[in-house]
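Trainee: Below are the sequence and a predicted model; questions follow.
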Amino acid sequence: MSKSNGSESNAKSMSIIVTKGTLDWAYPPFILGTTAAAMGVNVSMFFTFYGLALLKKKLDLSLSPLGKPDMEMPMMGAHIKMPNMLAVLPGVNAMSTTMMKNLIKKKGVASIDELREAAVESEVEMIACQMTLDLFELDKKDMIGNIEIGGAATYMERALKSDINLFI
């Protein structure tokens, strides 16, 4: 795991399995992972299936309101829910993505690029799933540097030793 500081045996550890790659689902693993790392926790993040997109060199994250009936956005001084029927209309994903990115910027929330860089700087161990790379015909060269490649056994090895395990 990351952060070999001599007190490894006393350090807490956390493993996160990251399975989703949309803009809204990218925040929880990176916020929790970087916060834990800042608190001295050894963090391992395993990116599999659609979560693997979060390790690509060029992020192109979008937001899909489809299947999220509880999604509401602050607009015109109120919180407006997006009816599920609207989510199937052309252009709604792009509009929702733009609205969310504008809200993130307006509120001073770090971007996923910034959070991912903070994870690298904090020595968060980031592991790309080999099976998923093969399945989606991706290569390590398509991904950012400072990552490892591993499979389910690699994840399990980290998870079995971790104090905290999260599935996101």
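Mentor: Arrived safely, thanks for sending.
Trainee: Run through the strands of the chain in chain order.
Mentor: Per DSSP state E, the chain carries strands over the ranges 13-18, 42-47, 72-75, 78-81, 125-129, 148-150, 164-167.
Trainee: do you know which of those strands lies nearest Thr97?
Mentor: Nearest to Thr97 among the strands of the chain is strand 72-75 (11.5 Å), distances taken as Cβ to Cβ. Bear in mind the C-beta positions are built from the backbone N, C-alpha and C, glycine included.
Trainee: for the strands of the chain, which one ends up most surrounded?
Mentor: strand 42-47 (a mean of 27; mean count of other Cβ atoms under 10 Å).
Trainee: mean confidence score for it?
Mentor: When pLDDT is averaged along strand 42-47, the result is 98.
Trainee: Next, the angle strand 13-18 makes with it.
Mentor: Strand 42-47 runs at 10 degrees relative to strand 13-18, counting by axes from the mean of the first three to the mean of the last three Cα atoms, to 10 degrees.
Trainee: Run through who's touching strand 42-47.
Mentor: Strand 42-47 has contacts (Cβ atoms under 8 Å, 6 or more residues apart in numbering) with 1-3, 8, 11-18, 29, 33, 36-37, 54-55, 119, 122, 124-129, 132, 150, 154-155, 158, 162.
Trainee: Stretch 111-128 now?
Mentor: Under the criterion Cβ under 8 Å, 6+ apart, residues 1-3, 23, 26-27, 30-31, 33-34, 37-38, 42-47, 52, 54-55, 59, 61, 104, 110, 140, 143-144, 146-150, 154-155, 158 lie in contact with stretch 111-128.
Trainee: buried ones in that stretch?
Mentor: In terms of neighbour count (16 or more other Cβ atoms under 10 Å), stretch 111-128 has its buried residues at 111-112, 115-119, 122-128.
Trainee: again, but for stretch 154-167
Mentor: For stretch 154-167, the buried set under the neighbour-count rule, 16+ other Cβ under 10 Å, comprises Thr154, Tyr155, Arg158, Ala159, Ser162, Leu166.
Trainee: how much space between the first one and Ile127?
Mentor: So the one you mean is Thr154. Here the criterion is Cβ to Cβ, to the nearest Å. By it, Thr154 lies 6 Å from Ile127.
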